[in-house]
Structure formats: structure tokens, C-alpha cells
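Can you look at this prediction? I've put the sequence above it.
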Amino acid sequence: MTLLLLSLLLALAAGAWVVHPVLARRWAALADVAPSGVLDAEARKRVALASLREVEYDYRAGKLDEADYRAMRERLSAEAVRALRAAEAAGGTPVAVDVPRDPAAHACGFVNPGGSRFCAGCGARLA
């Protein structure tokens, strides 16, 4: 009987420990960490770079012909440039870091596989 009561008390204490922050809202963040303009600009940047990456992969996989690839790449490149400029203007993270962490890394610090045309970390064209 004592073991049952101790188990019940321990279960209630654990449940209270888990539910307390939700109910009390003391540890919850009540304000945005970053302004919504910065978050929107960063989200647009990530989507534009991911779209460019997908078009590149689709072309390499043979899913797109040359004309479609070039048209989509031009449109998405222009959109990515606008998104990068908007993210920088909104005060987001910088596009490139001055000192690479790895000799084989791009300026943003991402190590790309050989033969890549664009950096998978920041979307910049590789030489």
C-alpha cells in the first residue's frame, strides 16, 4: 500500500512538473525573438535558395530540359537576389562570412560537393 501511494505521489509530481510551465506561462516566450519583417525576409530567402537548389538537382537528374532549366533558373535567380537583398536590408544574417572555416569551404562556410554550380549553404554561384 505504501509503495502504491509513493508511486501515485511520484506520478502526480512528475505530471505537475510537466504541466506547470504550460499553465503558469512563466517560461514561455511572450514576445517575438525577432521582428516579423526579419522573419519573413529570412523565410523568403530560404525558400528562394531551396527552389534554386531543387531546379539544379532536377536538371542534373534529367527531369528538365535545357530551355526549361534556363528559364526557371533565371526567374528563380532574380527572385533569390531580391530575397537576399530584402533579408540583408531587414537586418537578417549576413549572406557570406569573411573568413571560411575550412579551406575547401565556400565563403559562407558550407562545404559543397565537387562539381556543384551553386553553394548549397547560401545559394551563391560557385566559380
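Sure thing, it's come through. Just so it is clear, the model here is predicted, and its values are computed rather than measured.

State the distance from the most centrally placed residue in the chain to A87.
The chain has R46 as the residue nearest its centroid, 5.8 Å off, counting by CA atoms, centre = their mean. Applying CB to CB, to the nearest Å, the value for R46 to A87 is 9 Å. In this view, the C-beta of every residue, glycine as well, is placed from N, C-alpha and C.

And P21, by the same measure?
Taking CB to CB, one finds P21 at 33 Å from A87.

ok, these two, which is more surrounded?
When neighbours are counted by other CB atoms under 10 Å, P21 and A87 differ, and A87 comes out ahead with 23 against 11.

buried stuff in stretch 57-68?
59, 64 (16 or more other CB atoms under 10 Å).

Let's test this: mean pLDDT of it, rounded?
In this model, stretch 57-68 has a mean pLDDT of 90.

what does stretch 82-93 give?
Mean predicted lDDT for stretch 82-93 stands at 77.

Can you give the distance from that stretch to the centre of its chain?
Remark: stretch 82-93 is offset 14 Å from the chain centroid, using CA atoms, centre = their mean, to the nearest Å.

One more: stretch 38-51?
For stretch 38-51 - counting by CA atoms, centre = their mean - the centre lies 8 Å from the chain centre.

Quick check: bridge partners of R125?
Note on R125: beta-bridge partners by DSSP bridges are F118.

Flag every buried residue along the helix or strand containing R44.
Using DSSP states H and E, R44 sits within helix 36-60. Judged by neighbour count using 16+ other CB under 10 Å, the buried positions of helix 36-60 are 38, 41-42, 44-45, 48-49, 51-53, 55-56, 59.

so after that helix, what's the next helix or strand?
Criterion used, DSSP H and E; the element after helix 36-60 is helix 66-89.

ok, R82 - contacts?
Shown in contact with R82 (CB atoms under 8 Å, 6 or more residues apart in numbering): A48.

Any figure for the gap between it and E42?
Counting by CB to CB, the gap from R82 to E42 is 14 Å.

Show residues contacting stretch 48-57.
64, 69, 72-73, 76-77, 79-80, 82-84, 117-118, 120, 122-123.

In PyMOL, how would I select just the buried ones from the residues you listed?
To isolate in PyMOL the members of the contacts of stretch 48-57 that are buried, counting by 16+ other CB under 10 Å, one can use:
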select buried, resi 64+69+72+73+76+77+79+80+83+84+118+120+122+123
